[in-house]
Structure formats: structure tokens, C-alpha cells
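Q: requesting a structural model of the entry that follows:
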Amino acid sequence: MSNKTINKELIEKTIRFHGHWCPGLAVGIRASEWALKEMGSARDEEIVAVVETDMCAVDAVQYLAGCTFGKGNLIHKDYGKNAFTFYRRKDGKAARLVARPDIYGGAGVTLGKLHGKMLDKGLDQEEQKLWRETRTGISSQVMKSELIDLFEIKAPVDPVPKMARILSPMVCESCGETVMETRTRHFGGRLLCIPCFDIRERR
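A: Next comes the predicted model:
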């Protein structure tokens, strides 16, 4: 890595938290490295991360940057992009890190083909070995690269998200389960949770 913001021990703890070592986790570690260096870690909600993917990288953001769903300072937007926006509330500092298209280099093409075949027909023993070696090689390269070679650093698309709100729970008049007020729907004069509302919409 290009600096000592995240040491070997932290990397190993992040791998244990996630469950395995892979290129996606390496991308998240490097994005978190930028956040820690430029903004510090989120002891509470002062650092907010907006992630545009649900892949492995997000676990690194949660573990290293301290941005989590439970605290309300990790927001997922299902855009399928390797993009990570970090905000610091106290002074408004913010940036959107977007993974460059060639972040995995030429080996990314090989990995993509192997992954596609693995899902379709499965890999033979030699292909499995190549798949593992390619993943390890890409992960290592991501960790060694300069941040500027991995990410485009852009201005955020949106303003800093509002603080998480604690709202009174409501009771769904169909299933009887409690539900956050902002996630309720009205149907036929009844207050419903989203699953019960969707069931009635499909009928």
C-alpha cells in the first residue's frame, strides 16, 4: 500500500470480518484508506458513506471507516457501480471515489470469463487454480497501486444525507407486525407494511 493508514493487522481483521480475500474487498480497503486519511473514522455518525454497490467492498467500508447500516451513516444506492461517496458533517468535506474501468487491469478480463464459466458450466481443476491465482494477483495489484490509479475522485452528486431519525413504530393492520412510519402504505383505508401492500397490489 502507498501509506500506513491501514496496516497488515487491520487488513487481516477486515478479511476475517468479510470471510474471504478477494479483489472486491481490496477495492473497499483502498476506498476506506482514502476516507481514513482524509476524514478520519466514524466514531458515531460524523462520517457518512454512500455506496452504489452491494459487493464485497462495502464490508471493508463498514469495518474500517465505521460507516454502518445500524448507525444510519451507511447508505446503499442500488446502481451497480463501484462508487463510494464519503461526507464529513462537521466541515462539509466530501468526495465521490469511482473505480476506474481498468482497475483490475488485463487480468480482469480473464477473471470475468472464468467467473462466467464457473456459474454456467463449472470449472475444471486447472481453471479453478487459474481462477484463484487471478483473484489473488488482482487483489495484490489493487493493494500496491496508487489511489489515483484506482479511483477517479469527483465531487459528490448529492448533498450530505440527513442525520438518521428515530421514528415511532406503527402496526400493520394486516400482519400485525410493527413497521417504521416512513415505510408504511395506505390501501383501502388501512395502514399496511410494504410486503402486505405489495401482496394486495398484485391481486
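Q: check Leu123 and give its pLDDT.
A: Listed pLDDT for Leu123 reads 89.
Q: so it touches Trp131, yeah?
A: Yes - assessed by CB atoms under 8 Å, Leu123 is found in contact with Trp131 at 6.1 Å. In this view, the C-beta of every residue, glycine as well, is placed from N, C-alpha and C.
Q: who touches both of these two?
A: When contacts are counted by CB atoms under 8 Å, 6 or more residues apart in numbering, Leu123 and Trp131 are jointly contacted by Leu114.
Q: Trp21 is in contact with Ile15, isn't it?
A: Yes - applying CB under 8 Å, one finds Trp21 in contact with Ile15, separated by 5.1 Å.
Q: quick check: closest non-adjacent residue to the residue most central in space within the chain.
A: The central residue of the chain, meaning the one whose C-alpha is nearest the mean C-alpha position (CA atoms, centre = their mean), is Val58 at 2.6 Å. For Val58, ignoring the flanking residues on the chain, the nearest one in space by CB to CB, 6 or more residues apart in numbering is Val51 at 5.1 Å.
Q: dump the residue contacts of the one you found.
A: By CB under 8 Å, 6+ apart, the contact set of Val51 is 57-58, 61, 74-77, 83-85.
Q: quick check, pLDDT for Gly40.
A: Confidence for Gly40, expressed as pLDDT, is 87.
Q: tell me who's in contact with it.
A: Applying CB under 8 Å, 6+ apart, one finds that Gly40 lies in contact with 47, 88.
Q: how near is it to Met163?
A: If you measure Gly40 against Met163 using CB to CB, to the nearest Å, the figure is 18 Å.
Q: over to Pro195?
A: Pro195 is 27 Å from Met163, where distance means CB to CB.
Q: contact partners of the strand or helix carrying Leu119?
A: Assigned by DSSP states H and E, Leu119 belongs to helix 107-120. Applying CB under 8 Å, 6+ apart, the contact partners of helix 107-120 are 23, 102, 104, 123, 127, 130-131, 134-135, 137-138, 141.
Q: wait, which of those residues is closest to Gly176?
A: When the contacts of helix 107-120 are compared for distance to Gly176 (CB to CB), Pro23 wins out at 44.9 Å.
Q: I figured that closest one hits Thr136, correct?
A: No - using CB under 8 Å, Pro23 and Thr136 do not qualify as a contacting pair, with a distance of 9.0 Å.
Q: which one's more surrounded, the two?
A: When Pro23 and Thr136 are compared for neighbours, Pro23 comes out ahead with 25 against 13, by other CB atoms under 10 Å.
Q: just the pLDDT for that one.
A: At Pro23 the predicted local confidence, pLDDT, stands at 96.
Q: now stretch 83-96: mean pLDDT?
A: Here the mean pLDDT over stretch 83-96 is 96, rounded to a whole number.
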